[in-house]
Each structure stands twice: as C-alpha cells, then as structure tokens.
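Participant: prediction below, plus the sequence it came from.
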Amino acid sequence: MDTNIITFLACVCFIFIFGKILIVPIQKIIKLVLNSILGGLTIYLINLIGANFGFHIGLNFITSLIVGLLGIPGVVCLIIVKLLVG
C-alpha cells in the first residue's frame, strides 16, 4: 500500500515538472506569434499612412517578426532601412 502512494506522488510530481517544462516555451511561442501579428498590423498602418507619401514597407513574415520581436524600435529600424536602401 505504501509503494502505491509513493508511486502516485512521484507520478504527480513528474506531471507537474513535465507540464512546467512544456508550458513555458508554449507561452513564449504564443507571445511571439501575437507580437508578430501586432507587428504586421503596425506595418499595415504604416503602409496606409505612407501611401500618401509614396512610402511602402513590404508586409511579410520577416518584417512582422522583426517588429514583433523588437516592438517600436523594430518599426523605426525598418523605416530607417527602407529610407537608406530605397
């Protein structure tokens, strides 16, 4: 009987540890995806405003990921690169 209780407690501890190991990366991936979507929306808004001035930043996975990772500094970097490169 005692070994069943010890086995049960060991399994519960293993499930908690295994769950913690898996949940943290999933939360970071979800945060990165949400930030990338917001980055894509930001680039879209910049393109809407920039259309009046002939300014356009390509909306693709890489640019939205840059803005998703870096936030506002990522937007500024993309604008500077676009202005310098052409």
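Facilitator: In hand now; what should we look at?

Participant: which helices and strands sit right next to the strand or helix carrying residue 42?
Facilitator: Per DSSP states H and E, residue 42 falls inside helix 2-50. Where contact means 3 or more C-beta pairs under 8 Å, 6 or more residues apart in numbering; DSSP states H and E, helix 2-50 is packed against helix 61-70, helix 72-85. C-beta here means a position set from N, CA and C on the backbone, and glycine is covered the same way.

Participant: the longest one vs helix 61-70, what angle?
Facilitator: Helix 72-85 and helix 61-70 are oriented at 140 degrees to each other (axes from the mean of the first three to the mean of the last three C-alpha atoms, to 10 degrees).

Participant: I'd like to know which elements helix 72-85 is packed against.
Facilitator: Helices and strands touching helix 72-85, by 3+ C-beta pairs under 8 Å, 6+ apart, are helix 2-50, helix 61-70.

Participant: name the residues of it that are buried.
Facilitator: 74-75, 78, 82 (16 or more other C-beta atoms under 10 Å).

Participant: need the contact list for the residue lying closest to residue 66 once chain neighbours are set aside.
Facilitator: The shortest distance from residue 66 to any non-neighbouring residue, by C-beta to C-beta, 6 or more residues apart in numbering, is to residue 74 (4.7 Å). Applying C-beta atoms under 8 Å, 6 or more residues apart in numbering to residue 74 gives the contacts 39, 66-68.

Participant: tell me the most packed of those residues, by neighbour count.
Facilitator: Ranked by neighbour count (other C-beta atoms under 10 Å), those have residue 67 at the top, with 26 neighbours.
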